[in-house]
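*Asks:* any chance you can model this:
(chains A and B)
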Amino acid sequence: MLQVDNLKVAYNGAAVINGVSLHINYDESVALIGPNGAGKTTIGRAIAGLVPYQGQIQLMMSGGTTSLKHLAAWAIARSGIVYISESTSIYESLSVADNLLVACAVLSTARAAKSVMLTNLYAHFPFLRDRSEQRAGTLSGGQKKLLAIARGLFLIQCLKTLSLEHPGSVGAPLFPLLILDEPSHGLSPQALDTVRQALRDLNVAFLLIEQMARFALNICRRAYVLRNGVVVMSDFSEAVCENALLRSYLGLSADRASTLWTKS
Amino acid sequence: MMLRIIDVSHAYGTVPALSSISFDVHQGAMGVIGPNGSGKSTLLNIIAGAMKPQKGAIWWGGANLTTLPPHRIACRGISRMSQHSHISGDLTVSENISLGIYGFHGGLRLRWPPTTASLVREAAALCGIDSGRLTAYPRQLSFFEQRMTELARCIVSASTQLLLLDEPTAGFADLEKKRVFSILSTLKTKMTILLVEHDLDFIQEVSDCLAVMAEGKLLSIGEPAFVLKEPRVLDTYLGTKYVAG
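*Replies:* Coordinates of the predicted model:
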């Protein structure tokens, strides 16, 4: 569904990503983990069209495979790539509900369908329903983060509906993909569990860029481990966990790693 | 010295953030956990003087902090490291750290004591910053080094007695968290630390006492191992899916 080939990114001449290749299938949850400075966020930003790069990023859409290289960030979002950045970017002066609705304001999804999806989303994030009319700027830091994640999930749902309403039309997203950058940053364990449940229940394919390796390996099927801009390992999450060398590199003790698979 | 939080309440408009919260913070490290939006950061803001509570008082060293402006609170040995990075990109690591001395010795005039360089080196070493990095600029630093520069700025003054930390390990990998644990273990022998954190393994290890907040109220307080076994804490904060690992 999404294919990244030989991706290279440099900031001011300094190479940050040195030939990364990865892929995500339409129904997959994939983790991108590694230490700070490894280049994880840069890959997410490259896919979202926010940084220039060398190499190829292709997305399968109605009408064939499309290169994202020369598309503007908004066009990439329209193609079905929803990027939720690490920083909490919400509209502080808008209400919580308007922050959600603004995400898909330009999509032609039927109003009734949006309403159903909003109700569905509120079922996963009940505090957003309770505060739907509250100004988003009055939320706490963690709550703003949850709102940004919920908005991304809402957009994914709208894009999914759109692809069902217009099957086969050229340029319509086939399988929307969520790129989630560091959701654990600033969220309580309970809030993180809410996000995990929502991702699972809403059946979202996602690339999870995460510092907290335990959380990422726990909820993703496969994982890429990045170091100094290079993929040093790519395997199923369980195999990544069982790799002793990698475990010590990620700071996962053996007993902690063994509990990963019983947590959920 | 003991920090006393007495019956503190605060609301943002009609949204209550803190509702009559009271507890004492003794020497050592005290952890504060709670769901997002439970009022943890608001409490730190009020202690540091960035906000004034609508009700209640914060006592420290014989003074009611709620009557003092933030710079006067800082002069009383209270430093705060916020959730988000606040270091100046135009200053070197050494210069960024030295700003922490300014409040204590310069007042409103820009004046550093002659011991500044040694204080900066000592604080940097305590926070795990290599001396070779002191002349670097923030853009040349890793995220870990940037956050540790902020921590060093908080403790650089020998007057720092109370350190307020808001999610100091957010965004860190496990290995980096272990380094922060080691740094805080040393620091808590020199000063009182009040820290807000979401990583339960980390906060359980570093804290001598743990307070749990929910909806602006104090849900539980006591020894971390004891508090984290309380059913109401498990339900409110950890969710039903959590299994300690």
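
*Asks:* quick one: the helices in chain B?
*Replies:* B:40-48, B:70-75, B:93-105, B:116-126, B:143-155, B:174-187, B:200-206, B:224-227, B:231-233 (DSSP state H).

*Asks:* residue contacts, A:G49?
*Replies:* Listed by CB atoms under 8 Å, 6 or more residues apart in numbering or on different chains, the contact set of A:G49 reads A:L68, A:L71, A:A72, A:A73, A:A75, A:I76. Glycine gets a C-beta too; all of them are placed from N, C-alpha and C.

*Asks:* how about TSV for these, with distance to chain B added?
*Replies:* Below are the contacts of A:G49 laid out as TSV (distance: CB to the nearest CB, whole Å):
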residue	distance to chain B
A:L68	27
A:L71	29
A:A72	27
A:A73	24
A:A75	30
A:I76	25
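
*Asks:* now, those residues that are in helices?
*Replies:* Filtering the contacts of A:G49 for helices - DSSP H - leaves A:A73, A:A75, A:I76.

*Asks:* out of these, which end up buried?
*Replies:* Buried members of those, scored by 16 or more other CB atoms under 10 Å in any protein chain shown, are A:I76.

*Asks:* what's the closest of the ones in helices among the contacts of A:G49 to A:A14?
*Replies:* A:A73 (23.0 Å; CB to CB).

*Asks:* how close does that closest one get to A:Q58?
*Replies:* Distance from A:A73 to A:Q58, counting by CB to CB, to the nearest Å: 17 Å.

*Asks:* equivalent analysis for B:C154, please.
*Replies:* Taking CB to CB, one finds B:C154 at 47 Å from A:Q58.

*Asks:* same question for A:A205.
*Replies:* Separation of A:A205 from A:Q58 (CB to CB): 16 Å.

*Asks:* out of the two, which sits in the busier spot?
*Replies:* Set side by side, A:A205 and A:Q58 show more neighbours around A:A205, with 20 against 17, by other CB atoms under 10 Å in any protein chain shown.

*Asks:* show me the contacts for that one.
*Replies:* Residues near A:A205 by CB under 8 Å, 6+ apart: A:M1, A:I24, A:N25, A:Y26, A:D27, A:E28, A:S29, A:F175, A:P176, A:L177, A:L178.

*Asks:* from those, which land in strands?
*Replies:* A:I24, A:S29, A:L177, A:L178 (DSSP state E).

*Asks:* next, count neighbours for A:T119.
*Replies:* Close neighbours of A:T119, defined as other CB under 10 Å, add up to 10.

*Asks:* kindly apply the preceding question to A:D130 instead.
*Replies:* Counted with other CB under 10 Å, residues neighbouring A:D130 total 11.

*Asks:* now do the same contact list for it.
*Replies:* Contact analysis of A:D130 by CB under 8 Å, 6+ apart lists nothing.

*Asks:* what distance do you get for it to chain B?
*Replies:* Computed as CB to the nearest CB, to the nearest Å, the A:D130 to chain B distance reads 11 Å.

*Asks:* now do that residue, the pLDDT please.
*Replies:* On the pLDDT scale, A:D130 is placed at 90.

*Asks:* and it, what are its phi and psi?
*Replies:* phi -60, psi -30 (degrees, to the nearest 10).

*Asks:* A:E182 contacts A:S87, correct?
*Replies:* No. Because the distance of 9.3 Å does not satisfy CB atoms under 8 Å, A:E182 is recorded as not touching A:S87.

*Asks:* burial check on the closest residue to B:T192 other than its chain neighbours, number of neighbours?
*Replies:* The shortest distance from B:T192 to any non-neighbouring residue, by CB to CB, 6 or more residues apart in numbering or on different chains, is to B:L162 (4.9 Å). B:L162: 23 surrounding residues under other CB under 10 Å.

*Asks:* residues touching B:L162, list them.
*Replies:* Applying CB under 8 Å, 6+ apart, the residues contacting B:L162 are B:M1, B:L3, B:V25, B:W60, B:G77, B:I78, B:S79, B:M191, B:T192, B:I193, B:L194.

*Asks:* distance of the residue lying closest to the first one once chain neighbours are set aside from B:I78?
*Replies:* Using CB to CB, 6+ apart and skipping residues adjacent in sequence, the residue nearest B:M1 is B:G61, 5.2 Å away. Noted for B:G61: a distance of 10 Å to B:I78, by CB to CB.

*Asks:* next: B:I47.
*Replies:* 7 Å.

*Asks:* and these two? Which one has more around it.
*Replies:* More crowded of B:I47 and B:I78, by other CB under 10 Å: B:I78, with 28 against 24.

*Asks:* quick one: pLDDT of the nearest residue to that one once chain neighbours are set aside?
*Replies:* Distances taken as CB to CB, 6+ apart put B:L162 closest to B:I78, at 4.6 Å, once the chain neighbours are dropped. On pLDDT, B:L162 comes in at 96.

*Asks:* swap in the one 10 residues further on?
*Replies:* B:F172 is assigned 86 on the pLDDT scale.

*Asks:* so it sits against A:H185, correct?
*Replies:* No. Using CB under 8 Å, B:F172 is not in contact with A:H185, being 9.6 Å away.

*Asks:* overlap in contacts of the two?
*Replies:* By CB under 8 Å, 6+ apart, the residues touching both B:F172 and A:H185 are A:Q211.

*Asks:* next one: the residue of the stretch 51-200 of chain A found nearest chain B from B:D24, what distance?
*Replies:* When distances are taken as CB to the nearest CB, the stretch 51-200 of chain A reaches nearest to chain B at A:G142, 2.7 Å away. Distance, A:G142 to B:D24, using CB to CB: 26 Å.

*Asks:* which one of these two is surrounded by more residues?
*Replies:* Ranked by neighbour count (other CB under 10 Å), A:G142 and B:D24 place A:G142 first, with 25 against 13.

*Asks:* excluding covalently adjacent residues, which one is nearest to the spatially most central residue of chain B?
*Replies:* For chain B, the residue nearest the mean C-alpha position is B:L165 (1.6 Å; CA atoms, centre = their mean). Excluding the flanking residues, the one nearest B:L165 by CB to CB, 6+ apart is B:L195, at 4.0 Å.

*Asks:* much appreciated, bye for now.
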